[in-house]
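>>> The following block contains a protein sequence and its predicted model.
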Amino acid sequence: MNNWIVLPTVLPAMTAALLILALPHHLKHQRVVSVASTILALALAIGLLVLAGDGTPRAYFLGNWPAPFGIVLVLDRLSAIMLLLSAALALMVAVYACAGWDKRGRHFHALLQFQLLGVNGAFLTGDLFNLFVFFEVMLIASYGLMLHGGGAPRLKAGFHYVAINLIASTLFLFGVGLIYAITGTLNMADLAGKVAAVSADDQALLKTGAMLLFAVFATKAALVPLHWWLPSAYAATSAPAAAMFMIMTKVGAYAIIRVYGLIFGADAGPLAAMVAPIVIPAAIVTLIVGAIGVLASRNLRDLVCFSVVASMGNLLIAVGLFDGPGTTAALSYLVHSTLTGAALFLLVDVISQRRGQQLDRLEPAPAIANETLLGAMFFLGAIAMVGMPPLSGFIGKLLILDATRQAPQAPLIWAVMLGASLLMMIGYARAGSMIFWNNSEPVPSAGGAAVAKAPGLTGITLVPLVVIALLLAATAALSLGAGPFTRAFAATSDQLLDKAGYVRAVLSPAAGAGTGGN
Amino acid sequence: MELLVASATGVMTAVGIYLLLRARTFPVILGLTFLTYAVNLFLFAMGRLTINQPPVISALASAYTDPLPQALVLTAIVISFGMTALIVVLALRGFLESGSDEVDLAVSGEGDAARVRTDEDKARLPS
């Protein structure tokens, strides 16, 4: 049994507790501890990725209880990739917040660490009820992050966000209860074996439970028609929180891949491929809604929010295939869209801070400071998000298009994906030219000073730009190293299709590695 | 007893859903509470309804009730209790800051042209 597997959840938990209990009033110390701990988490995630790279799933038995009775954490390639992604994103967000956002409310860093705990736990757990608990940890932290900084509109949008998620949590419990009632277990590996053997009388009930769970995951993943919470919540929250939330929609997509790939996968008897007929049509509509939203947005934050919705549409089209190439494409696109979305949220924040009264609204404003640099970054971010070559969005989309060739809806998928790209490109081009080119004369404000002359690049304004540049560089790296990355994602999807390996790792761990020595 | 538990769960769920669809924050919170009560009861029933049987191993027991749903319900109660407390505070803060307990986002129908989103946006504006 490898004890490193539990550390991605323990480390942020301890850090968050330390931040709250020992350093509640020392912002500088909080920053140092938070960033240092996130760097450690990143190193840990890289280590676990190397560990998982040999292709064997590893189980960690909490309290050393044997598998179907205790809770297991499972590390396989998919978990390791997601852990690395969440740690990298958390590091970027923590550094970005150090440039000033964490002063606007209390405990930003502690909440960020708690969020990391929930997200990492959700990626590692091999137990459905434990997944619920980690979802709740993640959500509780996200409520705090979402409200960070306060203000009436944020509180109003926060109420929606919390209420929607509480309803989703209740549905999650109903679903879990039904699945337990029929199968008598909540361990994912155990369920994978038992679902196929459920008697014909109980199949309808089990299917109801599984569908309720799907509704929950679809809400998290912002799948139409359960996506309306996303634009209002992400637009109302602070930029670093919105960037961190990019990983939360991905938790929904991850849960769909895990639960409906492993438990209700191809060999689940009559319940196999239960959600596949829903996912792809809903994802297509999600993509259309997102693209239209991008076109209709009147400010940059809404623009980015709706392009996140559209990117979830692309992602879930690939997820909905539930086969090797589909999952490979989904993973590639998932990593890309998380990094790009986060970069854009942060960039929009930097831009709107420099635009004075106009904020991020798409209307003429005096030219902003560092216009060329910010314009170039926005251009790169837009290219990546829309999916134009040469950045990673293009590769991800290409993989998805390629993977859907055999699907019965292929012509529709191709038409919608390419048409949506065009709409998004128009939306981004319009927004970019309005923000960067359509400058009005500087209007002297009531106080007499011109607003336009913002300070140049000093240390404090440089940090956010470096973070955004790093995120954009990561998407460029994804594109440059597309060959090796795609091979790694393909190995991951092969491992996901080999359910026997996962089940073996959990239910009958090798004598040498597991039960014997303990 | 099956009828009683089933109808109690059903009625509470129905009441919860009805209240959730109200347009003010307090009924919505009550609706959420009803839903969590319903789901707690539901989880209990998922371990099958058993009366007067111990959940842990004992020499005297002739049969057992399933202990796992009880553990699940306990976790669910703790989580939903915390969440309810949070959303009550959130609704209260929202009411105090905006002067209205309506759930709608656009308070008085103004478009986003007149909207100053947050305090930090306000702070950024030249005074």
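Arrived safely.

>>> can you pull out the helices in the stretch 351-500 of chain A?
Listed in chain order, the helices of the stretch 351-500 of chain A (DSSP state H, counting those that start in this stretch) span residues A:371-386, A:392-403, A:410-436, A:459-480, A:482-497, A:499-507.

>>> Adding mean neighbour count, mean pLDDT and distance to chain B as columns, could you present the ones you listed in a markdown table?
Placement of C-beta: from N, CA and C, glycine included. Listed next are the helices of the stretch 351-500 of chain A as a markdown table, based on neighbours: other CB atoms under 10 Å in any protein chain shown; pLDDT from 0 to 100; distance: least, CB to the nearest CB, whole Å:
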| stretch | mean neighbour count | mean pLDDT | distance to chain B |
| --- | --- | --- | --- |
| helix A:371-386 | 20 | 89 | 16 |
| helix A:392-403 | 23 | 91 | 28 |
| helix A:410-436 | 18 | 92 | 14 |
| helix A:459-480 | 18 | 86 | 14 |
| helix A:482-497 | 17 | 91 | 27 |
| helix A:499-507 | 19 | 87 | 18 |
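
>>> Might one say that residue A:152 is in contact with residue B:100?
No. Residue A:152 lies out of contact with residue B:100 (CB atoms under 8 Å); the separation is 9.3 Å.

>>> who's more crowded, these two?
Using other CB atoms under 10 Å in any protein chain shown as the criterion, residue A:152 and residue B:100 rank with residue A:152 on top: 20 against 15.

>>> That one and chain B: what is the separation?
Distance of residue A:152 to chain B, given as CB to the nearest CB, to the nearest Å: 4 Å.

>>> which SS state does residue 59 fall under?
Since you didn't name a chain, this refers to chain A. At residue A:59 the chain is in strand, as set by DSSP: H, G, I helix; E, B strand; the rest coil.

>>> Correction: the question concerned chain B.
coil.

>>> ok, it to residue B:70 distance?
21 Å (CB to CB, to the nearest Å).

>>> who has more neighbours, the two?
More crowded of residue B:59 and residue B:70, by other CB under 10 Å: residue B:70, with 14 against 4.

>>> dump the residue contacts of the more buried one.
By CB atoms under 8 Å, 6 or more residues apart in numbering or on different chains, the contact set of residue B:70 is B:44, B:47, B:55.

>>> Could you pull out the buried residues of the host helix or strand of it?
Using DSSP states H and E, residue B:70 sits in helix B:67-98. By neighbour count on 16 or more other CB atoms under 10 Å in any protein chain shown, the buried set for helix B:67-98 is B:68-69, B:72-73, B:75-76, B:79-80, B:83-84, B:86-87, B:90-91, B:93-95, B:97.

>>> Next: stretch A:185-203.
Those would be A:185, A:186, A:187, A:188, A:189, A:190, A:191, A:192, A:193, A:194, A:195, A:198, for stretch A:185-203 by 16+ other CB under 10 Å.

>>> export stretch A:186-202 as CSV, just CAs?
C-alpha atoms of stretch A:186-202 as CSV (Å, rounded to 0.1, in the frame of the first residue of the first chain):
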residue,chain,number,x,y,z
LEU,A,186,-21.1,1.9,-2.9
ASN,A,187,-17.6,0.9,-3.8
MET,A,188,-17.1,1.7,-7.5
ALA,A,189,-15.0,-1.4,-8.3
ASP,A,190,-17.5,-3.6,-6.4
LEU,A,191,-20.4,-1.9,-8.2
ALA,A,192,-18.8,-2.5,-11.5
GLY,A,193,-19.1,-6.2,-10.9
LYS,A,194,-22.5,-6.2,-9.3
VAL,A,195,-24.5,-3.9,-11.7
ALA,A,196,-24.5,-6.5,-14.5
ALA,A,197,-26.0,-9.1,-12.1
VAL,A,198,-28.9,-7.0,-10.9
SER,A,199,-32.2,-8.9,-11.4
ALA,A,200,-34.6,-7.6,-14.0
ASP,A,201,-37.1,-6.4,-11.4
ASP,A,202,-34.6,-4.0,-9.9
